[in-house]
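> return atomic coordinates for the entry below.
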Amino acid sequence: METINRCLWPGNDPLYQAYHDHEWGKPLHDDQALFELLCLEGFQSGLSWITILRKREFFREAFEHFDYRVLANWTEESLISQLENPLIIRNRLKIWSVRTNAQAFIRIQEKFGSFDRFIWAFVNDQPIQNHFTSHEALPASTELSERMSKELKKLGFKFVGPTICYSFMQAAGLVNDHITSCFCYANK
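Below you'll find the model as predicted:
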């Protein structure tokens, strides 16, 4: 059996490995997918990403497949019903942030043409190519993620602190943080 050199964080979990190999760090430009990722990163705050990944399909079902146009108009009753959903993370502030963020997301689209155009401008439309040789060297946040966080908060977003923003940047491929020995490093 062939050994694949990858980042250490997915361990031996097949779901985590598939996410690492096929999604994490790949440049993402679809507004719908970017909104979903930003929401899921917010739900992940204080938890491990594998927890969110294992519940991702349940989140999609619970939140209208992250259709921000629908979620922007969700009623209090719709939000409250998710507090009873045992298949997702039932944190009131995180659940309410989905509607708030959908509304802010639409405002950004109206102002900039797309969320993609807005968010990728932080990296001049080109992924930042980092050269970390170990997982321990990866930062939790950067000056750029702090700037992104401040701007998103100013525009009305919730659960977009600097650490969440950096995690989002890694996942959406705005930065390539695969370690240099990982097969995905060169195949960004």
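> what does the lengthiest helix in the chain rub up against?
Longest helix in the chain, counting residues (DSSP state H): helix 92-112. With CB atoms under 8 Å, 6 or more residues apart in numbering as the test, helix 92-112 has contacts from 31, 35, 38-39, 42-43, 45, 63, 68-69, 71-72, 74, 79, 82-83, 115, 118, 152, 155-160. (Each C-beta comes from the backbone N, C-alpha and C, glycine too.)
> next, count neighbours for the residue lying closest to residue 91 once chain neighbours are set aside.
Leaving aside its sequence neighbours, residue 91 sits nearest to residue 43 (CB to CB, 6 or more residues apart in numbering; 7.5 Å). The burial count assigned to residue 43 is 23, neighbours taken as other CB atoms under 10 Å.
> so where do the strands sit in the protein?
Secondary structure of the chain (DSSP state E): strands at 128-129, 175-176.
> with respect to residue 17, which of the ones you listed lies nearest?
Counting by CB to CB, residue 17 lies closest to strand 175-176 out of the strands of the chain; the figure is 18.0 Å.
> residue contacts, residue 145?
So residue 145 contacts 162-163, 165-166, 169 (CB under 8 Å, 6+ apart).
> those residues into CSV, with extra columns for neighbour count and distance to residue 147?
Converted to CSV, the contacts of residue 145 look like this (neighbours: other CB atoms under 10 Å; distance: CB to CB, whole Å):
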residue, neighbour count, distance to residue 147
162, 19, 9
163, 18, 14
165, 28, 9
166, 24, 11
169, 24, 11
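> take those residues and keep only those in helices.
Per DSSP H, the contacts of residue 145 map to helices at 162-163, 165-166, 169.
> and of these, the nearest to residue 129?
residue 169 (12.8 Å).
> so the closest one sits against residue 148, correct?
Yes: using CB atoms under 8 Å, residue 169 is in contact with residue 148, at 7.3 Å.
> which residues do the two both contact?
In contact with both residue 169 and residue 148: residue 122, using CB under 8 Å, 6+ apart.
> tell me the buried residues in the longest helix of the chain?
Residues 94-106, 108-109 are the ones in helix 92-112 that count as buried (16 or more other CB atoms under 10 Å).
> can you tell me the average pLDDT over it?
Mean pLDDT, helix 92-112: 98.
> cool, stretch 180-188 as well?
Per-residue scores along stretch 180-188 average to 85.
> now do stretch 68-75
98.
> next one: that stretch to chain centre, how far?
19 Å (CA atoms, centre = their mean, to the nearest Å).
> pull out the buried positions in it.
68, 71-72, 74.
> would you point out the most distant pair within those?
68 and 74 (10.4 Å).
> returning to that earlier point: the residue nearest to residue 91 contacts residue 53, correct?
No: with contacts counted by CB under 8 Å, residue 43 stays clear of residue 53, the gap being 11.0 Å.
> contacts only, for residue 85.
Counting by CB under 8 Å, 6+ apart, residue 85 has contacts 58, 62.
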